[in-house]
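[1] everything below, folded, please.
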Amino acid sequence: ETLRSHFGSSRFASAFSPCFLSLPFRFRMASMMGAMGGAMNEAAKKAVEDELATKAPATMKPFFPCLGGPVGTMETCMCMVPADQQDSVKQAIAKYKSL
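    Just a heads-up that it's a prediction; the model follows:
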(Lines give C-alpha, C1' and ligand atoms only; values in the text may rest on other atoms or scores of the structure.)
Protein backbone atom coordinates (compact mmCIF):
# COMPACT_ATOMS: atom_id res chain seq x y z
CA GLU A 1 0.00 0.00 0.00
CA THR A 2 1.34 3.41 -0.89
CA LEU A 3 0.64 6.33 1.32
CA ARG A 4 -0.87 9.34 -0.38
CA SER A 5 -0.38 12.93 0.70
CA HIS A 6 -3.20 15.41 0.55
CA PHE A 7 -1.98 16.33 -2.96
CA GLY A 8 -2.46 12.80 -4.23
CA SER A 9 1.18 11.85 -4.76
CA SER A 10 2.85 8.92 -3.11
CA ARG A 11 5.29 9.39 -0.26
CA PHE A 12 8.07 7.90 -2.42
CA ALA A 13 7.53 10.43 -5.20
CA SER A 14 7.41 13.39 -2.84
CA ALA A 15 10.56 12.30 -1.00
CA PHE A 16 12.64 12.15 -4.17
CA SER A 17 11.08 15.05 -5.98
CA PRO A 18 13.49 17.90 -6.89
CA CYS A 19 10.81 20.35 -5.83
CA PHE A 20 10.64 19.33 -2.19
CA LEU A 21 10.12 22.90 -0.99
CA SER A 22 6.62 24.23 -0.84
CA LEU A 23 5.62 26.55 -3.64
CA PRO A 24 4.88 29.61 -1.45
CA PHE A 25 8.24 29.20 0.31
CA ARG A 26 10.06 29.15 -3.03
CA PHE A 27 8.22 32.30 -4.16
CA ARG A 28 9.15 34.08 -0.92
CA MET A 29 12.78 33.06 -1.31
CA ALA A 30 12.83 34.21 -4.93
CA SER A 31 11.34 37.57 -4.03
CA MET A 32 13.83 38.02 -1.18
CA MET A 33 16.73 37.20 -3.50
CA GLY A 34 15.38 39.67 -6.05
CA ALA A 35 15.08 42.34 -3.38
CA MET A 36 18.65 41.73 -2.24
CA GLY A 37 19.86 41.99 -5.83
CA GLY A 38 17.93 45.23 -6.24
CA ALA A 39 19.43 46.63 -3.07
CA MET A 40 22.91 45.65 -4.25
CA ASN A 41 22.29 47.38 -7.60
CA GLU A 42 21.09 50.51 -5.82
CA ALA A 43 24.18 50.49 -3.61
CA ALA A 44 26.45 50.08 -6.66
CA LYS A 45 24.66 52.92 -8.47
CA LYS A 46 25.01 55.13 -5.41
CA ALA A 47 28.74 54.35 -5.25
CA VAL A 48 29.20 55.35 -8.91
CA GLU A 49 27.19 58.55 -8.36
CA ASP A 50 29.36 59.43 -5.35
CA GLU A 51 32.53 58.71 -7.32
CA LEU A 52 31.43 60.96 -10.17
CA ALA A 53 30.32 63.69 -7.77
CA THR A 54 33.82 63.80 -6.29
CA LYS A 55 35.46 63.84 -9.73
CA ALA A 56 33.20 66.62 -11.06
CA PRO A 57 34.72 70.09 -11.35
CA ALA A 58 33.20 72.71 -9.04
CA THR A 59 31.77 74.59 -12.02
CA MET A 60 29.72 71.52 -12.97
CA LYS A 61 28.14 70.75 -9.57
CA PRO A 62 25.37 73.39 -9.74
CA PHE A 63 23.98 71.56 -12.79
CA PHE A 64 23.42 68.25 -10.95
CA PRO A 65 19.72 68.92 -10.14
CA CYS A 66 19.00 70.13 -13.69
CA LEU A 67 20.63 67.33 -15.65
CA GLY A 68 19.77 64.21 -13.64
CA GLY A 69 22.46 64.10 -10.97
CA PRO A 70 26.18 63.53 -11.33
CA VAL A 71 25.88 60.84 -14.00
CA GLY A 72 23.63 62.81 -16.35
CA THR A 73 25.57 66.02 -15.83
CA MET A 74 28.96 64.44 -16.46
CA GLU A 75 27.65 62.68 -19.55
CA THR A 76 26.06 65.86 -20.94
CA CYS A 77 28.96 68.17 -20.11
CA MET A 78 31.88 65.85 -20.85
CA CYS A 79 33.77 68.77 -22.42
CA MET A 80 34.07 70.34 -18.95
CA VAL A 81 35.76 67.25 -17.48
CA PRO A 82 39.57 67.49 -17.46
CA ALA A 83 41.15 65.47 -20.28
CA ASP A 84 43.09 63.19 -17.93
CA GLN A 85 39.86 62.13 -16.15
CA GLN A 86 37.60 61.64 -19.18
CA ASP A 87 38.40 57.96 -19.69
CA SER A 88 37.67 57.01 -16.08
CA VAL A 89 34.47 59.09 -16.10
CA LYS A 90 33.30 57.37 -19.30
CA GLN A 91 33.99 53.97 -17.75
CA ALA A 92 32.05 54.90 -14.60
CA ILE A 93 29.09 56.10 -16.69
CA ALA A 94 29.12 52.85 -18.69
CA LYS A 95 29.20 50.85 -15.43
CA TYR A 96 26.27 52.90 -14.08
CA LYS A 97 24.21 52.29 -17.20
CA SER A 98 24.91 48.54 -17.12
CA LEU A 99 23.48 48.27 -13.60
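[2] got the residue ranges for the helices in this protein?
    For the chain, applying DSSP state H gives helices covering 11-15, 23-55, 69-76, 86-98.
[3] quick one: least confident helix or strand in this structure?
    helix 11-15 (a mean of 50; mean pLDDT, DSSP states H and E).
[4] span of stretch 68-85 from start to end?
    Counting by Cα to Cα, to the nearest Å, you get 20 Å between the two ends of stretch 68-85.
[5] list the buried residues in it.
    Counting neighbours by 16 or more other Cβ atoms under 10 Å, one finds that the buried residues in stretch 68-85 are 69, 70, 71, 72, 73, 74, 75, 81. C-betas here are computed from N, CA, C, even on glycine.
[6] closest to residue 57 out of these?
    residue 81 (7.1 Å; Cβ to Cβ).
[7] mind listing what the closest one touches?
    55, 56, 57, 60, 74, 89 (Cβ atoms under 8 Å, 6 or more residues apart in numbering).
[8] cool, and residue 41?
    Residue 41 sits in contact with residue 99, where contact means Cβ under 8 Å, 6+ apart.
[9] number of residues surrounding residue 59?
    Applying other Cβ atoms under 10 Å, we find 9 residues neighbouring residue 59.
[10] just checking, it touches residue 82?
    No: assessed by Cβ atoms under 8 Å, residue 59 is found out of contact with residue 82, at 11.4 Å.
[11] quick check: the gap between residue 62 and residue 44.
    26 Å (Cβ to Cβ, to the nearest Å).
[12] please say which of those two ends up with more neighbours.
    residue 44 (14 against 9).
[13] thank you, goodbye.
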